[in-house]
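# Below is the sequence, then the predicted model.
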4 protein chains.
Amino acid sequence: MQDTFKKLSREKREKIISAAAKVFAENGYYQANVAEICKEAGISNGALYKYFKDKKSLYISTFDIGTNALRKHVFEKYLGGTDSIYVKLHKLLKGIVRFGKKDRREIAIYFELGSKSMNTFATVLSTKIEGMAMEYYTNLIEQGKQNNEIDKSINTEMAAYLIDNNINMFGFSLYSAHYNKRFSNYFQPKSKKISIEKKIQITLDLIKMILR
Amino acid sequence: MQDTFKKLSREKREKIISAAAKVFAENGYYQANVAEICKEAGISNGALYKYFKDKKSLYISTFDIGTNALRKHVFEKYLGGTDSIYVKLHKLLKGIVRFGKKDRREIAIYFELGSKSMNTFATVLSTKIEGMAMEYYTNLIEQGKQNNEIDKSINTEMAAYLIDNNINMFGFSLYSAHYNKRFSNYFQPKSKKISIEKKIQITLDLIKMILR
Amino acid sequence: MQDTFKKLSREKREKIISAAAKVFAENGYYQANVAEICKEAGISNGALYKYFKDKKSLYISTFDIGTNALRKHVFEKYLGGTDSIYVKLHKLLKGIVRFGKKDRREIAIYFELGSKSMNTFATVLSTKIEGMAMEYYTNLIEQGKQNNEIDKSINTEMAAYLIDNNINMFGFSLYSAHYNKRFSNYFQPKSKKISIEKKIQITLDLIKMILR
Amino acid sequence: MQDTFKKLSREKREKIISAAAKVFAENGYYQANVAEICKEAGISNGALYKYFKDKKSLYISTFDIGTNALRKHVFEKYLGGTDSIYVKLHKLLKGIVRFGKKDRREIAIYFELGSKSMNTFATVLSTKIEGMAMEYYTNLIEQGKQNNEIDKSINTEMAAYLIDNNINMFGFSLYSAHYNKRFSNYFQPKSKKISIEKKIQITLDLIKMILR
DNA sequence: AATGAATGAGTTTTCATTCAT
DNA sequence: AATGAATGAAAACTCATTCAT
């Protein structure tokens, strides 16, 4: 990210990152077309290269900004307070859904990170997002233990990891046909479509089972 | 897949699929280079297009054949018998490791399937692999219940899904820098490298926790 | 240069190198357009990149082949024999003129080599062409000394260098407006055009003056 | 050059031309980056286009101003006086070296002029610089003849041209890897580096040989 | 007058697919 | 059936020049 980008108005910056997030999320890094991002953002190709060194740098910035926004508007929002652990998680899941809408597609980028072709990026980006998630889930469980919501004999790291998995799977299922289908296969074998509400319910049930 | 491919000798067919699997696994679908696959398989570019309509069709066939091999050489192998559930799962995990080696990289392809850019493929491919996995894990749990290894009050679908997740995460971590790092973050924060043996142990412990 | 290029027919190879030489000579390395070279050579853009790794490699090969052809068809042709030194040089100058015609523009590329922006190439290419020239002129003078055409007290290196300069200036003047004008300024102040014949004559006179 | 440029303060004008000269000299005309010139000169991109119509016009002006400075600070400085011809030439060569330093890189631009891609410029620029040089060398020889330093039978134009060549070659060797290497090849075959002092000495020796 | 952000045509290079042999 | 050379449509990126402020 260049200084020129930082100098732009907030709306313009958001429009560009939002466009990038959308195109990256829909096509994956390699298939994403820089020209399409520019068109979507309403700027010229040349302008983009004044704001970001190259496609890679745009991707990293988009990811970075997305992660920070996710932290601020989703994770940190539902961590404190007196809500029970499941109420918090419910809010978190709904936050993820809301966050993924209205052209805030940064979250979907995350789901590509696991593929082998993204290993170059993984080193830089994995820590950022996973660090945040791990911290959140670990805190959540510790709080739960203190409030006697969770049995103290439960191993915090393992529980946090399992919860993380399930929240991920839920998030993936919002964007990926594969993970959506996987959800249906297990929990709604007959019908094809599974509602978001139902997925939230199941995810919470799965976490309850883990923390029982 | 064209008829011409089916007429080839078994060795040649295997060599081609193995080459495709290797290159797809190492680079992801879009970054995989058709010419490289041909070179690796020892055939000409032109020949490949006699055997398969296009890159997409080659990918689907490779995936398909890989899934079948995984079923035959890994899943079905460790389903029956009198082994306890955890011994079976241990064998399964080791089978996955073994299967991923010796140029049988079909398994790694699977891990790319979740990314949005692969949605075109997901419809066709997800059912195949997930159907197999789901069947296996469901059976495993039912057997475990009958042998009194698993408490009968546990919901089979949910348990199967959670186990599936964990086996997947284990498999992903073998190929993806991101998932490998995620494993380390949670369970080996200090050191950088986490051995396969340790990952197997942790995966089994996680499943034990789920099935407790 | 790739093996695929070596496998081409002699005519096709020559057509490509000739096209490259022409476009490079007329525009200089950086201004030369790869697509134009391809069009001129009657091949597709893709084909060129099967024959040469990149533009740089094409340039070096073109230069290389040109230098070899210059050696074979010009320099070596007029070195031996019983001609007097000035007859040999006369033939050499006419050889250079002939060589530069009929789309054998490799020679003109040489004249760009002195510009600062070509320093990257200079290391590789300078030695080739200058080694050849130096050897030729040094031999010529040594032979001249043995035949009592040249005074033995004359320093061979210095004489060779001065002759080299003058042949270069002659060659440059065939392609470069600047060096052509320079020639006119000194030796034909009134008229604008100076004929090749006259330039040859002057060049020989200059060398006679040096070797007097 | 626009009127707006002429209205600028002398320092600012010099800073701009000096920056242009530096960047042009280091990269050649086509590789020189207008934005870099502006940055180096401490002015905005827009400003440059108020002062000069386009890149080409800036180049011509830079060349022009540089030639005048070269005339004033180098050529005219060492023409008169009672020094012997070789002392004058020695001073001239050192003047060229000095002139090329301290961001007065105009001189290096000259060396690019011979390449074919610069033919557009040659018509305008060649006369200027070559006229000056020719006048200087011709005068020098005429003076030498009057002082009995040079044999009167020597052809003035030819001698002047040959000296010009050698001074040029010396100047080129200061900036161009190719011409530097050429110098080494002929006069310092073993060692890699050849000092400026040595090049000056050799150049003077070559001129002595010409004028003997 | 001056700024510096914005433009968009133009360039090199890649690669899935075709086709003459 | 098999080859592997050839194709040409993209795609990322650059940069002289313009223009709103």
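Looks like it came in fine. Residues are numbered from 1 along each chain as shown, chains lettered A, B, ... in the order given.

# C-alpha from now on. contacts and neighbour counts both.
Will do.

# Ignoring the adjacent residues along the chain, who's closest to residue A:182?
In space, and not counting its chain neighbours, residue A:182 is closest to residue B:130: 6.6 Å by Cα to Cα, 6 or more residues apart in numbering or on different chains.

# The residue in chain A that chain D sits nearest to and residue A:59, how far apart?
Using Cα to the nearest Cα, the single residue of chain A nearest to chain D is residue A:50, 12.6 Å away. Per Cα to Cα, to the nearest Å, residue A:50 is found 15 Å from residue A:59.

# okay, those two: which has more neighbours?
Set side by side, residue A:50 and residue A:59 show more neighbours around residue A:59, with 20 against 14, by other Cα atoms under 10 Å in any protein chain shown.

# Within the helices and strands, which one has that one?
Element membership for residue A:59 (DSSP states H and E) is helix A:55-70.

# What is the subsequent helix or strand relative to that helix?
Where DSSP H and E defines the elements, the next helix or strand beyond helix A:55-70 is helix A:85-100.

# so what's the residue of chain A closest to chain D up against?
Shown in contact with residue A:50 (Cα atoms under 8 Å, 6 or more residues apart in numbering or on different chains): A:2, A:4-5.

# Buried residues, the longest helix seen in chain A. List them.
As assigned by DSSP state H, the longest helix anywhere in chain A is helix A:119-146. Neighbour counts over helix A:119-146 (16 or more other Cα atoms under 10 Å in any protein chain shown) mark A:119, A:121-122, A:125-127, A:129-130, A:132-134, A:136-145 as buried.

# now swap in stretch A:146-156 and tell me
Neighbour counts over stretch A:146-156 (16+ other Cα under 10 Å) mark A:149-150, A:156 as buried.

# any idea which of those is closest to chain B?
Closest approach to chain B among the buried residues of stretch A:146-156 (Cα to the nearest Cα): residue A:156, at 9.9 Å.

# can you list contacts of the helix holding residue A:59?
Residues contacting helix A:55-70 (Cα under 8 Å, 6+ apart): A:1, A:17, A:20-21, A:24, A:29, A:34, A:52, A:99, A:106-107, A:109-110, A:121, A:125, A:128-129.

# now do stretch A:40-47
Under Cα under 8 Å, 6+ apart, the answer for stretch A:40-47 is A:15-16, A:18-20, A:34-35, A:38.

# and these near DNA strand F, which?
Among these, the residues lying close to DNA strand F (Cα under 7 Å from any atom of the strand) are A:34-35.

# ok, so of the contacts of stretch A:40-47, who is nearest residue B:203?
Of all these, residue A:20 has the smallest distance to residue B:203: 36.4 Å, by Cα to Cα.

# which residues sit in contact with the closest one?
Residue A:20 neighbours (Cα under 8 Å, 6+ apart): A:37, A:41, A:58-59, A:62.

# so it is in which element?
Applying DSSP H and E as the criterion places residue A:20 in helix A:10-31.

# next helix or strand past that helix?
Downstream of helix A:10-31, the next assigned helix or strand under DSSP H and E is helix A:34-41.

# in the helix or strand following that following helix, what counts as buried?
Once the chain leaves helix A:34-41, the next helix or strand it forms, by DSSP H and E, is helix A:45-51. Buried residues in helix A:45-51, counted by 16+ other Cα under 10 Å: A:48-49, A:51.

# and chain A, which residues reach DNA strand E?
A:4, A:8, A:43-47, A:50.

# give me that answer again for 10 Å
Residues of chain A found near DNA strand E (Cα under 10 Å from any atom of the strand) are A:2-9, A:12-13, A:35, A:38-39, A:41-51.

# Quick check: the gap between residue A:60 and DNA strand E.
Between residue A:60 and DNA strand E the distance is 20 Å, computed by Cα to the nearest atom of the strand, to the nearest Å.

# pLDDT score assigned to that residue?
What the model reports for residue A:60 is a pLDDT of 93.

# What is the neighbour count of it?
What residue A:60 shows, counting by other Cα under 10 Å, is a neighbour count of 15.

# Then residue A:43?
15.

# any idea of the pLDDT on residue A:103?
48.

# Thank you kindly, that will do.
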